[in-house]
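Undergrad: no sequence on this one, just coordinates:
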């Protein structure tokens, strides 16, 4: 459900860009989305198909590159991967500290669009 | 058939919102007020907690409130009963407030005469975390009956806040709420998050929280004088 306002925002941005270069059709929208955003790609595509109906972006494929969660250790500054399904067991692999700050995993980026 | 062409955008999806959030930051610096965004699930006790904070601080600070609700004006009426300038935002279904709504609401507050603008966000642990409102203190309320495992279920919210206020601690004996587990889990992704256990009902922890708020509000306002 929370994918809807985001998908609308992506639509607005890419339509403006495509129109500025007088594109006839958008065939692909490439995104980078952090795992912490918890977006479901199939749902984004479904919303897209609904929002883009009748526009130059109708039928465009939404391609999502998921960016994993990494954290910087609060003690030794090591950056390490976090498996969100196993966060209770997560700790710094270098020093064992359990406190850190998110480095990646919150991205929400439109990388580019394919037009013809 | 025409040739396919790839255009690089490298643009943040919520760039429009983030730009307006930055305008709010500039406005709050120019007019010298502090912006406090309060998020939680429905029923965590936002309104009761805010009223309790206002009663404790209204002799020291001039406070205004922006109330976000999907429907109704009941919360705004409670604020107005205290004589607090209040703007009610009714989103009519939208599950979050965005920066544009806040900027517009601020036009209806006497910003020159305020020290703190409190934003009571829509009750929801997902969407409000995604929209930067330009707040100095983004914060979250988690009530004891909701359980300590919420940090595992809604991690984004816990990473965007600077303060986590655990409410309704007066009913701790009725629930298996594990403070230590909560603290360990939230600090894994947000080591700087400050935790405040409170009960707005019996006043426990309220002084400590208000002292913290008073300090960071003064810090901002005095820096700008």
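TA: Nice, thanks for sending it over. Since the structure is predicted, the reported quantities are computational estimates derived from the model, not experimental observations.

Undergrad: so where's the chain uncertain?
TA: By default, I'm working from chain A. For chain A, no stretch is flagged by pLDDT under 70.

Undergrad: actually chain B
TA: Residues of chain B meeting the criterion pLDDT under 70: B:1-2.

Undergrad: strands of chain A, start to end?
TA: Using DSSP state E, the strands of chain A run over residues A:26-34, A:61-67, A:69-73, A:79-82, A:100-104, A:108-115.

Undergrad: partners of the shortest one in the sheet?
TA: Strand A:79-82 has the following strand partners under DSSP bridges: strand A:69-73 (antiparallel).

Undergrad: hmm, who's touching the strand it pairs with?
TA: Here strand A:69-73 makes contact (C-beta atoms under 8 Å, 6 or more residues apart in numbering or on different chains) with A:34-36, A:78-82, A:84, A:90, A:92, A:94-95, A:97, A:99-105, B:188-189. Where you see a C-beta, it was placed from the backbone N, CA and C, and this is true even at glycine.

Undergrad: give the buried subset of those residues as a ChimeraX selection command.
TA: Selection of the buried residues among the contacts of strand A:69-73 in ChimeraX, burial being defined by 16 or more other C-beta atoms under 10 Å in any protein chain shown:
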select /A:34,35,36,80,82,90,92,97,99,100,101,102,104,105 /B:188,189
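
Undergrad: run through the residues that contact residue A:114.
TA: Counting by C-beta under 8 Å, 6+ apart, residue A:114 touches A:26-30, B:4-7.

Undergrad: so which of the residues you listed is the closest to residue B:82?
TA: Using C-beta to C-beta, residue A:29 comes nearest to residue B:82 of those, at 48.2 Å.

Undergrad: beta partners for that closest one?
TA: Per DSSP bridges, the residues bridged to residue A:29 are residue A:62, residue A:113.

Undergrad: ok, it to residue B:206 distance?
TA: 48 Å (C-beta to C-beta, to the nearest Å).

Undergrad: okay, those two: which has more neighbours?
TA: The neighbour comparison of residue A:29 against residue B:206 (other C-beta atoms under 10 Å in any protein chain shown) goes to residue A:29, with 27 against 20.

Undergrad: quick check: the more buried one touching residue A:61?
TA: Yes - Residue A:29 is within contact range of residue A:61, at 7.4 Å (criterion: C-beta atoms under 8 Å).

Undergrad: can you tell me which helices and strands the longest helix seen in chain A packs against?
TA: In chain A, taking DSSP state H as the definition, the longest helix is helix A:3-20. Helices and strands touching helix A:3-20, by 3 or more C-beta pairs under 8 Å, 6 or more residues apart in numbering or on different chains; DSSP states H and E, are strand A:26-34, helix A:41-51, strand A:108-115, strand B:5-12, helix B:15-30.

Undergrad: hmm, the helix or strand just after the last one in reach of chain A?
TA: Next helix or strand after helix B:15-30 toward the C-terminus (DSSP states H and E): strand B:34-40. No - using C-beta under 8 Å from any C-beta of the partner chain, strand B:34-40 never reaches chain A; the gap is at least 13.6 Å.

Undergrad: how long is stretch A:33-46 end to end?
TA: 17 Å (C-alpha to C-alpha, to the nearest Å).

Undergrad: okay, buried residues for that stretch please.
TA: Judged by neighbour count using 16+ other C-beta under 10 Å, the buried positions of stretch A:33-46 are A:33-39, A:44-45.

Undergrad: does chain B have contacts with that stretch?
TA: Yes - interface with chain B: stretch A:33-46 contributes A:36-38 (C-beta under 8 Å from any C-beta).

Undergrad: residues from chain B in reach of chain A?
TA: B:1-17, B:94-96, B:126-127, B:130, B:152, B:155-156, B:159, B:184-185, B:187-192.

Undergrad: in ChimeraX, how would I select the buried members of those residues?
TA: Entered in ChimeraX, the line below selects the buried ones among the residues of chain B next to chain A, by 16+ other C-beta under 10 Å:
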select /B:9,11,12,13,14,17,94,95,96,126,127,130,152,155,156,159,184,185,187,188,189,190,191
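
Undergrad: show me where chain B has strands.
TA: B:5-12, B:34-40, B:63-69, B:86-90, B:116-120, B:137-143, B:163-167, B:194-197.

Undergrad: sheet-wise, list the partners of the shortest one with their directions.
TA: Strand B:194-197 sits in its sheet next to strand B:163-167 (parallel), going by DSSP bridges.

Undergrad: so what touches the strand it pairs with?
TA: By C-beta under 8 Å, 6+ apart, strand B:163-167 touches B:44-45, B:48-49, B:137, B:139-144, B:158, B:179, B:182, B:186, B:193-200, B:209, B:212.

Undergrad: what's the angle between it and strand B:34-40?
TA: Per axes from the mean of the first three to the mean of the last three C-alpha atoms, to 10 degrees, the angle that strand B:163-167 makes with strand B:34-40 is 50 degrees.

Undergrad: quick check: the most centrally placed residue in chain A vs residue B:183, distance?
TA: Computing the C-alpha centroid of chain A and ranking residues by C-alpha atoms, centre = their mean puts residue A:33 first, at 1.5 Å. Separation of residue A:33 from residue B:183 (C-beta to C-beta): 29 Å.
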